[in-house]
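Visitor: got a predicted structure here, sequence first:
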Amino acid sequence: MAMRSGLRPVAGCVLVVLWWAAIWFDHSVPTAGIWALLGLSLSTGLVHGALDAQLLLQRFASQSRALAMASLYLLGVLVVGAMLSLQPGVALFALVAMSAWHFGEGYGRWTASRPALDGLTRVVVGGAPVLLFPWMASDAAAVHLLPWLGGNALQAWRGLGLLWLALFAGWAGGCGIPGWRSYRYAWVELAGIALLNLSLSPLMAFALYFGAYHAPVHIWRVLRSGRRDATRRTGTVRWGAFAAAVVLTVVLGTLLWRLPNGLAVSPTEASEWVRWLVVALAALTFPHLVLISACARILSVSQRRL
């Protein structure tokens, strides 16, 4: 316990240094947000999705059932990806809706003393990273990144952002001072999201939330649940982790090799990258969201151990 307490100041200093580095990179390179989202999606995001194989083995009694569900998982990715690739605007709104639900998973971070307020907490916390994006972005930045979205759709997205603000106001009033401790993790997470959006561009803020916070925390929860259920761990999971590590190394090596030329990518090409990245994330999020909701009990931990 003393060692953990001693590491907290060091971890805090590291976070501050990384935060300032992100601010410098974001303001120095016009396409920094795109590269951050791409790089983090292919690193921590890829690993956090690959661990779904371990969750399938923990969730289902036999490996044959887990393999069958894994086949349905991959089929869901292909079908959803094929459908959403035809309408990238729909893909964006699908990703926003799924992310708002998925990012707000409680995992035992707040108590169930007020079930109605817990549901609202989930929407408020999960919606913040994706619904603050259009509200914080200027028209020029939004059109630059998402020219394929269209003006009406952008305004609709901003309308959802305003709806989120109304929900947040109702949630904050509903918590009240006596019950704030039950939702202190929600307040801390919302404060971090607000800090990211105030200091960074919207795309960079979302990239860091997803790749530097959500994905690593999810990886920790899955690995922790695997240690609790050590008897179910098999060589299949180890080989899957090894294969994911090899693919990750190749992808990151290619990304770093392309980085010097990629920093000067044209706005048109950058927008096309964002378009297909949104479609890919939406396709991968759908089966991932369903699996995580089904495994919520496995991944939940008490507030004291977070």
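Guide: Done, it's in.
Visitor: output the below-cut-off pLDDT ranges for the stretch 1-150 of the chain.
Guide: 1-8, 11-12, 88, 111-115, 134-150 (pLDDT under 70).
Visitor: which stretches of the protein form strands?
Guide: In the chain, no strands are found when defined by DSSP state E.
Visitor: could you double-check that residue 291 sits in contact with residue 60?
Guide: No. Between residue 291 and residue 60 there is no contact, the gap being 10.6 Å when judged by CB atoms under 8 Å. C-betas here are computed from N, CA, C, even on glycine.
Visitor: buried residues in stretch 65-85?
Guide: Of the residues in stretch 65-85, those with enough neighbours to count as buried (16 or more other CB atoms under 10 Å) are 66, 69-70, 73, 76-77, 80-81, 84.
Visitor: with distance to residue 189 added, can I get these in JSON lines?
Guide: Formatted as JSON lines, those follow (distance: CB to CB, whole Å):
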{"residue": "66", "distance to residue 189": "32"}
{"residue": "69", "distance to residue 189": "30"}
{"residue": "70", "distance to residue 189": "31"}
{"residue": "73", "distance to residue 189": "28"}
{"residue": "76", "distance to residue 189": "28"}
{"residue": "77", "distance to residue 189": "28"}
{"residue": "80", "distance to residue 189": "27"}
{"residue": "81", "distance to residue 189": "29"}
{"residue": "84", "distance to residue 189": "28"}
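Visitor: just these: which are in helices?
Guide: Judged by DSSP state H, helices contain the following of those: 66, 69-70, 73, 76-77, 80-81, 84.
Visitor: and the two most separated of those residues?
Guide: 66 and 84 (26.6 Å; CB to CB).
Visitor: okay, now the nearest residue to residue 273 once chain neighbours are set aside: neighbour count?
Guide: Nearest in space to residue 273, with sequence neighbours left out and distances taken as CB to CB, 6 or more residues apart in numbering, is residue 34 at 6.0 Å. By the measure other CB atoms under 10 Å, the count of residues near residue 34 is 23.
Visitor: now swap in the one 5 residues further on and tell me
Guide: Counted by other CB under 10 Å, the residues lying close to residue 39 total 18.
Visitor: repeat for the one 10 residues further on
Guide: Burial of residue 49 is recorded as 21 neighbouring residues (other CB under 10 Å).
Visitor: equivalent analysis for residue 154, please.
Guide: If you count neighbours by other CB under 10 Å, residue 154 ends up with 18.
Visitor: quick one: it and residue 285, what's the gap?
Guide: Taking CB to CB, to the nearest Å as the measure, residue 154 falls 21 Å from residue 285.
Visitor: can you check residue 160 too?
Guide: Noted for residue 160: a distance of 17 Å to residue 285, by CB to CB.
Visitor: got the contact list for the closest residue to residue 218 other than its chain neighbours?
Guide: Setting aside the residues directly before and after it, residue 218 is nearest to residue 48 in space (CB to CB, 6+ apart), at 4.7 Å. When contacts are counted by CB atoms under 8 Å, 6 or more residues apart in numbering, residue 48 is found next to 214-216, 218-219, 222.
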